[in-house]
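Peer 1: Give me the fold of what follows.
(chains A and B, ligands or ions: 8)
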Amino acid sequence: MSAKAKKLVEECAAEKHKTLDLVDRSISNIIDLPGFLNLQHVTSITLAHNKLSSLPASIANLVNLEVLNLFNNQLEELPTSLSSMPCLKQVLDLTYNNLNEKSLPGNFCQLETLRALYMADNDFEYLPTEIGQLQNLQILVLRDNELVALPKEIGDLIRLRELHIQGNRLTVLPPEFANLDLMGTKNVFKYEGNPWAPPIMEQLKKGLANMFDYIKSDTYKYLYGRRIAADAPPPPRSHDKSKKASRKGMKAKS
Amino acid sequence: MATLHAPQFLQPLNEQNASPLFRRRANTRERDHAQVGGGGADGPNFGSSRFSDTQANHDMQLGPDGSLAICTRCHEGFDVTEKIVNSGGDVWHPRCFVCAQCFQPFPEGVFYEFEGRKYCEHDFQVLYAPCCNKCGEFVIGRVIKAMNTSWHPSCFHCQLCDAPLADIGFVKNMGRALCRECNAKEKASGSGKYVCHKCHAIIDEGHIKLKGDVYHPYHFSCASCGTELTPDAREKNGELLCLRCHDKAGVPICGACRRPIEGRVINALGKTWHPEHFVCAKCEKPFHGSRHYERRGLAYCENHYHQLFGDLCFVCNNVIPGDVCRALNKCWCFNHFSCSACDRQLSEKTKFFVMDVKPVCKHCFEKFPSELQKRLKKASDAGLG
Ligand SMILES: [Zn+2]
Ligand SMILES: [Zn+2]
Ligand SMILES: [Zn+2]
Ligand SMILES: [Zn+2]
Ligand SMILES: [Zn+2]
Ligand SMILES: [Zn+2]
Ligand SMILES: [Zn+2]
Ligand SMILES: [Zn+2]
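Peer 2: Ligands and ions are numbered 1, 2, ... in the order given. Predicted coordinates:
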């Protein structure tokens, strides 16, 4: 860790800066930054491009924190206390870490004010069914994860206008997915790079509108129900993630 | 049939000199019948007649048929100079044309005839005219026969509420003449029951009260839900509500559906709402606790507020004052347009990369792991951004 990081924290504490820029300071543990957890006046901390594998629960001391940028770290888990931070909200960028469904604290979906959740380049196979509680979510990015299924509760995200699920292991979509409005010109739906089941693939080729109509149909609901009942094994992992930079910390540990 | 006559030699009566009693009688010449419910009554009718022709004097006077005139009473003829009273085709000496009871001339020439005999007013009334049971005066004209006695129509009143009964009928109740309303009340109080203020019938099952009066519940419907009321209805602020609506009345009412809110209440726009009824004015989707944006008394979801009234900054989520940076389907305040990885400010002229439809500064992009850079470039080349 660079000595500059400690100095930046001291400066921020002394001069009461509202923002703290710790981009690319090779930080691997918050504990190595004395005084960091006392920065209660700070509203924005950027920790992008570091080597954090976890966050201490006491991060919740930063009661005025609104923006916490953890882009490109090696995070494997998030503390439960994250949901109790009163101001932390709206945009959470967890892109390029080592997170999966087990890394999320059980109360993660209580971050009801969340507007955008960036979790591309992580290791999610499933999403928690509580995802439907994120009623303000407009942007959900799960590009290049390991998703094998989406919960039907995704259909509850009525304000969603950007959904990125490209590069996963999805074969079908729950019929409730048709509740989402992702077809407008201002909306974004990225679905490429999944092993879609043939009927879905066929509809996608005809166009998004066709696909949405199709998954609303009774025929599809029947097929989907049968498929869920059959409980077929998910498709295998297709891309090798061992070269991910975020894996480096894990290798070092093992 | 009694007839009122006046002899021809007396001065004719007119409006100016007629006695009040006579005028009253003359005015009741069109006979009327009183039909009173319950104890039907019809008094005797009295007639009055105009005076007959005046006759000239003769030596030995002749009757109307030319024969020698004979007094109807004493059967004597008339002297030439003698006056003849002519009434109804018969002739009399003036001394014989008198009341059959008191043998006096008829005062003011007014007489009553009954069963062929003529009486002065006084004796006729004493002998034949009914007396009003209330005021004790004779009843001339319309008589109400009720309760085994007679009444002036204007004297026949309900003994409890004093309502005139002549035209609405009456009911006998323990020797009293009562209007139907009072009779029902009396009967009800006797039996411990109420009388409906609307239909005046006894309320057998259960009553409701409105502004102090008692009614059959079924005359009303609930002011809130419109169902026909039952005895468990309640009065609130002068309105009648069924029990269900009354119990909910202390409960907030939804600004959208106007129904009571039993569970969670949303307070917004100065009103209360069912969570599922507090919706965006544009898309009508419920907010369900998500932030809403108010404008002119309406609430909008963020998207539609943004769409209708302005752009919301991707970073601070406020409506953007002044210049707007637009890129990637998003908007930013001028000073909030920044790299999504390092949060460092970008200018509109700065070259930036696109990752997951958000901007990344060149500095950050170069710091990306090379395998990510490769994937992003590949996706970008494939047009999948
Ligand atoms: Zn007399
Ligand atoms: Zn009277
Ligand atoms: Zn009634
Ligand atoms: Zn009601
Ligand atoms: Zn409602
Ligand atoms: Zn809306
Ligand atoms: Zn802003
Ligand atoms: Zn940057």
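Peer 1: Pull the distance from stretch B:279-298 to the chain's centre.
Peer 2: Distance of stretch B:279-298 from the chain centroid (C-alpha atoms, centre = their mean, to the nearest Å) equals 44 Å.
Peer 1: should've said stretch A:42-57
Peer 2: That offset, for stretch A:42-57, works out to 15 Å (C-alpha atoms, centre = their mean).
Peer 1: now do the same end-to-end measure for that stretch.
Peer 2: 17 Å (C-alpha to C-alpha, to the nearest Å).
Peer 1: That one and ligand 7 in contact?
Peer 2: No - contact of stretch A:42-57 with ligand 7 (C-beta under 5 Å from the ion) is absent, the minimum separation being 12.2 Å. C-beta here means a position set from N, CA and C on the backbone, and glycine is covered the same way.
Peer 1: how about that stretch: buried residues?
Peer 2: For stretch A:42-57, a neighbour-count test (16 or more other C-beta atoms under 10 Å in any protein chain shown) marks A:42-55 as buried.
Peer 1: likewise stretch B:91-102?
Peer 2: B:91-93, B:97-100.
Peer 1: Out of these, which sit inside strands?
Peer 2: B:91-92 (DSSP state E).
Peer 1: so which of the buried residues of stretch B:91-102 would you say is closest to ligand 1?
Peer 2: B:C99 (2.4 Å; C-beta to the ion).
Peer 1: How about the contacts made by the closest one?
Peer 2: B:105-106, B:111, B:118-120, B:123 (C-beta atoms under 8 Å, 6 or more residues apart in numbering or on different chains).
Peer 1: go with 10 Å
Peer 2: B:105-107, B:111-112, B:117-124 (C-beta atoms under 10 Å, 6 or more residues apart in numbering or on different chains).
Peer 1: if I look at the residue most central in space within chain B, how far off is B:A184?
Peer 2: The structure's chain B has its C-alpha centroid closest to B:K198; by C-alpha atoms, centre = their mean the separation is 9.9 Å. Shown here: B:K198 relative to B:A184, a distance of 12 Å by C-beta to C-beta, to the nearest Å.
Peer 1: Quick check: closest non-adjacent residue to whichever residue of the stretch 51-200 of chain B sits closest to ligand 3.
Peer 2: Closest residue of the stretch 51-200 of chain B to ligand 3, C-beta to the ion: B:C196 (2.7 Å). Leaving aside its chain neighbours, B:C196 sits nearest to B:H216 (4.6 Å; criterion: C-beta to C-beta, 6 or more residues apart in numbering or on different chains).
Peer 1: which intervals of the stretch 201-350 of chain B have sub-threshold pLDDT?
Peer 2: B:248-250 (pLDDT under 70).
Peer 1: what's around residue 157, how many residues?
Peer 2: As the question left the chain open, I've gone with chain A. Using other C-beta atoms under 10 Å in any protein chain shown, A:L157 is surrounded by 21 other residues.
Peer 1: Actually, chain B is the one I wanted.
Peer 2: 18.
Peer 1: Would you mind naming the residues that bridge with it?
Peer 2: Going by DSSP bridges, B:H157 is paired in beta bridges with B:P164.
Peer 1: Which parts of the stretch 151-254 of chain A are strands?
Peer 2: For the stretch 151-254 of chain A, the strands defined by DSSP state E, counting those that start in this stretch cover A:162-164, A:188-190.
Peer 1: residue contacts, the one residue in chain A that gets nearest to ligand 6?
Peer 2: Closest approach between chain A and ligand 6, counting by C-beta to the ion: A:R159, at 8.3 Å. Shown here is A:R159, whose contacts under the criterion C-beta under 10 Å, 6+ apart are A:115, A:134-139, A:180-181, B:280, B:283, B:285, B:287-288, B:290, B:301-303.
Peer 1: can you check A:L78 too?
Peer 2: Applying C-beta under 10 Å, 6+ apart, the residues near A:L78 are A:54-55, A:59, A:70, A:92, A:94, A:97, A:99, A:103-105, A:108.
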